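> predicted structure and sequence below. I'll ask about it afterward.
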Amino acid sequence: MGEIIFLIVVLSAYIFPIMIVLNSKRTQGHEKNGWLMGIIIFSWVGLILYLSIVPKQGHKKKNADKKTKR
């Protein structure tokens, strides 16, 4: 019984970083796919890099940036 609980904990710890990136608004499109591949390969190290590198506010629309610069 203890082995089953251990297996559930390990699988949850592996799936948790993937769910964080999938539900995040920080990235989109191919960038999110790249982060997902990195997290699948490197798991928690990839999640730590994702949270430290990607900006918290996510991507801004390019049209909105052009209007504010004028």
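Ah, there it is. Numbering: from 1, shown residues only.
> before we move on, what SS does the closest residue to residue 44 other than its chain neighbours have?
Excluding its sequence neighbours, the residue lying closest to residue 44 (C-beta to C-beta, 6 or more residues apart in numbering) is residue 17, at 6.2 Å. For every residue, glycine as well, the C-beta is placed using N, CA and C. The three-state label given to residue 17 by DSSP: H, G, I helix; E, B strand; the rest coil is helix.
> so that it lines up with my notes, have the first residue be 831 from now on.
Okay, using 831 as the starting number, the last item reads as residue 847.
> and for residue 859, the neighbour number?
Residue 859 is flanked by 8 other residues according to other C-beta atoms under 10 Å.
> state the distance from the residue nearest to residue 874 to residue 834.
Distance from residue 847 to residue 834, counting by C-beta to C-beta, to the nearest Å: 22 Å.
> the two: which is more packed in?
residue 847 (23 against 8).
> ok, now which ones touch that one?
869, 873, 874, 876, 877, 880 (C-beta atoms under 8 Å, 6 or more residues apart in numbering).
> could those go into JSON lines alongside pLDDT?
Listed next are these as JSON lines, based on pLDDT from 0 to 100:
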{"residue": "869", "pLDDT": "86"}
{"residue": "873", "pLDDT": "78"}
{"residue": "874", "pLDDT": "79"}
{"residue": "876", "pLDDT": "83"}
{"residue": "877", "pLDDT": "81"}
{"residue": "880", "pLDDT": "86"}
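> most widely separated two among those?
873 and 880 (11.2 Å; C-beta to C-beta).
> returning to that earlier point: how far away is the residue nearest to residue 874 from residue 870?
9 Å.
> overlap of the contact sets of the two?
Each of residue 876 lies in contact with both residue 847 and residue 870 under the rule C-beta under 8 Å, 6+ apart.
> quickly find the element holding the residue sitting nearest the centre point of the chain.
By C-alpha atoms, centre = their mean, the chain has its centre lying nearest to residue 851, at 2.4 Å. Assigning secondary structure by DSSP states H and E places residue 851 in helix 832-853.
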